[in-house]
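Undergrad: Okay, here's the prediction I keep looking at, along with the sequence it came from:
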Amino acid sequence: MQVIGTNVMTQVALVVNDIEKTKERLAKFFGIPVPPTIGSGDFAITQTEVMGKPSPDAECKMAFFSVGDNVQLELIEPNKTPSVWRDFLNEKGEGLHHIAFNVKGMENSIKSCEEFGMELVQKGNYGDGSGCYSYLNGGESIPFIVELLENF
């Protein structure tokens, strides 16, 4: 039985110190155009929560590369406000932050992950309001953060 109802990975995300420098280098590496940098969005839309508490100042810059059939490589440069992104960068440095999966029924997927031993550490809506995300720390269950994505 699958915990979240899918095993199809849709995204791999890296947290970086300098998104502009990193995306230039990766574009050259992949031989593809440099993607635009976008902001995480306004709190009125994102409603970002970190460890269950509203975090209106937790923001980041993002860039997305298409690197395969239905797979994205996401770069994230967090601001200085505490968030799952900033904490990761402070504690571990640049590197793999999460692996994402598209789900249907976010609350049920979160519940299944928690029953599996994972902890919900951050959630919010996409900056354009077209969907939502949740980060679950794998803890003892798996050695990385899982991001659940649901489009509205």
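TA: Looks like it arrived, so ask away.
Undergrad: which residues of the protein fall in helices?
TA: Remark: helices assigned in the chain by DSSP state H are 19-30, 43-46, 84-92, 106-115.
Undergrad: Residue 136 is nearest to which of these?
TA: helix 106-115 (4.7 Å; CB to CB). The C-beta positions use only the backbone N, C-alpha and C, and glycine is treated the same way.
Undergrad: Could you name the helices and strands sitting against the closest one?
TA: If you count contacts as 3 or more CB pairs under 8 Å, 6 or more residues apart in numbering; DSSP states H and E, helix 106-115 packs onto strand 119-125, strand 131-137, strand 145-151.
Undergrad: which one of the ones you listed lies closest to residue 21?
TA: strand 145-151 (23.6 Å).
Undergrad: if we can go back for a sec, need the helices and strands packed on helix 106-115 in CSV (columns: mean pLDDT and distance to residue 103).
TA: Compiled in CSV, the helices and strands packed on helix 106-115 are given as follows (pLDDT from 0 to 100; distance: least, CB to CB, whole Å):
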stretch, mean pLDDT, distance to residue 103
strand 119-125, 97, 13
strand 131-137, 97, 9
strand 145-151, 97, 5
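Undergrad: could you dump those strands to CSV with mean neighbour count?
TA: Below are those laid out as CSV (neighbours: other CB atoms under 10 Å):
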stretch, mean neighbour count
strand 119-125, 19
strand 131-137, 20
strand 145-151, 19
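Undergrad: bridging residues for residue 96?
TA: Residues in a beta bridge with residue 96, per DSSP bridges, are residue 14.
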